[in-house]
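J.: My questions concern the predicted model and sequence given below.
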Amino acid sequence: MWQIFPANALATHLPPNAAAAAGQQPVPPQGALREISPVFLCRIGQETVQDIVTRTMEIFQITRATQLPNGVTQSQAMYQDRFGKLQEHLRQLALLFRKLRLLYERCVEMTSDLQESPTELVPYVGEELLSVRVEPCSPAVNQERKEVLEKVRQKNQEMKVLMDQMRNLLWDVNAMLTLRK
């Protein structure tokens, strides 16, 4: 049935320093997680994935803003600052992945009786497609299907011709631009 969440259960999806800043207790011990429903754990997991994506985007922004060494000396303090930020983001990212793994394992553990085997979740793995029995259609439906297929073939052919023309036009424009230089 429905379980009551402990007051500190919300702290499990906050970063460690955010829980302390909000005046809440840090992440509860493993025993306290038994009282939390799988739905709540999945919501925390979703937020954790969003945090992982955000951290990863921040890492890419920092690396994009970093100038490669090209013989020009830049401030050593600036490089150290960026390196420190990168190290902190990577450390937080590792913690978030560990948290996500724990959440996943706990959800699997709590819902083991509901889980399907992985082969049932991934379509068409290890098996040939089963032939689907098709009911015979009326002649009008078959005729309409043939007409639609013919229209699709014609449109595909027209699109192919247009793409070839566009490709040739681009080649010509690029050739003219090259000659102009």
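T.: Noted; the coordinates are in hand.
J.: burial of D51, as a residue count?
T.: Counted with other C-beta atoms under 10 Å, the neighbours of D51 add up to 19. In short, each C-beta sits where N, CA and C put it, glycine included.
J.: and it, helix, strand or coil?
T.: Put simply, D51 is helix when judged by DSSP: H, G, I helix; E, B strand; the rest coil.
J.: give me the number of residues near the residue lying closest to it once chain neighbours are set aside?
T.: Spatially, and ignoring its direct neighbours in sequence, D51 is nearest to L96 (5.4 Å; C-beta to C-beta, 6 or more residues apart in numbering). L96 has 20 neighbouring residues, counting by other C-beta under 10 Å.
J.: buried residues in the helix or strand encompassing L96?
T.: Using DSSP states H and E, L96 sits in helix 76-110. Buried positions in helix 76-110, judged by neighbour count with 16 or more other C-beta atoms under 10 Å: H89, Q92, L93, L96, K99, L100, L102, L103, R106, C107, M110.
J.: can you count the residues close to the nearest residue to F97 once chain neighbours are set aside?
T.: Once flanking residues are discounted, F97 sits nearest to I52: 6.8 Å by C-beta to C-beta, 6+ apart. For I52, the count of nearby residues is 16 (other C-beta under 10 Å).
J.: My read is that I52 contacts A94, right?
T.: No: using C-beta atoms under 8 Å, I52 is not in contact with A94; the gap is 10.3 Å.
J.: Now do stretch 37-57, average pLDDT.
T.: When pLDDT is averaged along stretch 37-57, the result is 91.
J.: now do stretch 146-165
T.: Averaging pLDDT along stretch 146-165 yields 92.
J.: mind putting the buried residues of helix 76-110 in a markdown table, pLDDT included?
T.: A markdown table is the format used below for these (pLDDT from 0 to 100):
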| residue | pLDDT |
| --- | --- |
| H89 | 92 |
| Q92 | 94 |
| L93 | 93 |
| L96 | 94 |
| K99 | 93 |
| L100 | 91 |
| L102 | 91 |
| L103 | 90 |
| R106 | 88 |
| C107 | 85 |
| M110 | 82 |
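J.: Sweet, I'm off.
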